[in-house]
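**Student:** Pasted the sequence and its predicted model underneath.
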Amino acid sequence: MNIALLFAGRIKYYDLHKETYDTILKNNTVDIFLSTNPELNEDISNFIELYNPIHTINEPNININIEYKDIDFNKFKLIHPIECIVNYIPALYNKKMVFNIFETYLLNSNKKYDYVILHRLDIPGYEINFNDFDKDDNTINIAYGNDFGGLNDRIIIGTVNAIKKYTTIYDNIIKYLNDGCAYHGESVNKFHIEKMGFNIKRFNYPTNIKRN
């Protein structure tokens, strides 16, 4: 199968898990894409050498204090400390951006992909049986566990069209908060998936963050 593996945001620990991602590559053709930003102060040159991504961007992220200066986040239902806003919303932006560069590649290459994976780089890779999934543009596949009252967003798998719709989460975040969604990663993820009308299919895949 042709698989697109999308990484967004921090690349820390990428070298620790490189060999584990080979289990995802096993028996599949996998193209890698990355969107990160220089504010994270991470050298992506070694990532590029090790992972050989199809395309990588390392461009300035949004500035919360400028682009959201008229938003009073204290009025929302906060579960995360308000200080986490400077990390979470830019993370959503990176997810949007990595899909954008992937979609641009699609348009220019005419390549077809069976599935797209959004995967955090601080989580090891494990073998995935893609035959267990349905090629349904209205279905999002989410690993079991670590839901914390919402839905785990550490690895998301879907068709190209499904992931395109899923990565609009950044475009809708303020509307969701105004609608009463808690400012909390897993809560926002669940709220967004329900608003998009996705069917949810769970699968077994360890999502414990490993930093050493």
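**Tutor:** Now that the structure is in, tell me what you want to look at.
**Student:** residues contacting the nearest residue to Arg120 once chain neighbours are set aside?
**Tutor:** In this structure, Arg120 finds its nearest non-sequential neighbour in Arg154, 5.1 Å apart by Cβ to Cβ, 6 or more residues apart in numbering. The C-beta positions use only the backbone N, C-alpha and C, and glycine is treated the same way. Taking Cβ atoms under 8 Å, 6 or more residues apart in numbering as the contact definition, Arg154 lies against His119, Arg120, Ile123, Ala143, Asn146, Thr207, Ile209.
**Student:** Let me know the closest of these to Leu40.
**Tutor:** Proximity of those to Leu40 (Cβ to Cβ) peaks at Arg120, which lies at 14.0 Å.
**Student:** If I follow the layout properly, the closest one ends up in contact with Ile155?
**Tutor:** Yes: using Cβ atoms under 8 Å, Arg120 is in contact with Ile155, at 7.0 Å.
**Student:** Between these two, which contacts overlap?
**Tutor:** The contact lists of Arg120 and Ile155 share no entry, where a contact means Cβ under 8 Å, 6+ apart.
**Student:** Show me what counts as buried in the lowest-mean-pLDDT helix or strand in the chain.
**Tutor:** The weakest-scoring helix or strand in the chain, judged by mean pLDDT, DSSP states H and E, is helix 18-25 (a mean of 84). Buried positions in helix 18-25, judged by neighbour count with 16 or more other Cβ atoms under 10 Å: Tyr21, Ile24.
**Student:** Run through who's touching that helix.
**Tutor:** Ile3, Leu5, Val30, Leu50, Tyr51, Ile117, Pro124, Gly125, Tyr126, Glu127, Ile128.
**Student:** Narrow those to those in helices?
**Tutor:** Leu50, Tyr51 (DSSP state H).
**Student:** Quick one, which of the contacts of helix 18-25 are buried?
**Tutor:** Buried among those (16+ other Cβ under 10 Å): Ile3, Leu5, Val30, Tyr51, Ile117, Pro124, Gly125, Ile128.
**Student:** Let me have the residues you listed in JSON lines, adding distance to Asn100 and pLDDT as columns.
**Tutor:** Output for those, formatted as JSON lines (distance: Cβ to Cβ, whole Å; pLDDT from 0 to 100):
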{"residue": "Ile3", "distance to Asn100": "19", "pLDDT": "96"}
{"residue": "Leu5", "distance to Asn100": "16", "pLDDT": "96"}
{"residue": "Val30", "distance to Asn100": "20", "pLDDT": "94"}
{"residue": "Tyr51", "distance to Asn100": "19", "pLDDT": "93"}
{"residue": "Ile117", "distance to Asn100": "16", "pLDDT": "97"}
{"residue": "Pro124", "distance to Asn100": "27", "pLDDT": "91"}
{"residue": "Gly125", "distance to Asn100": "24", "pLDDT": "91"}
{"residue": "Ile128", "distance to Asn100": "24", "pLDDT": "92"}
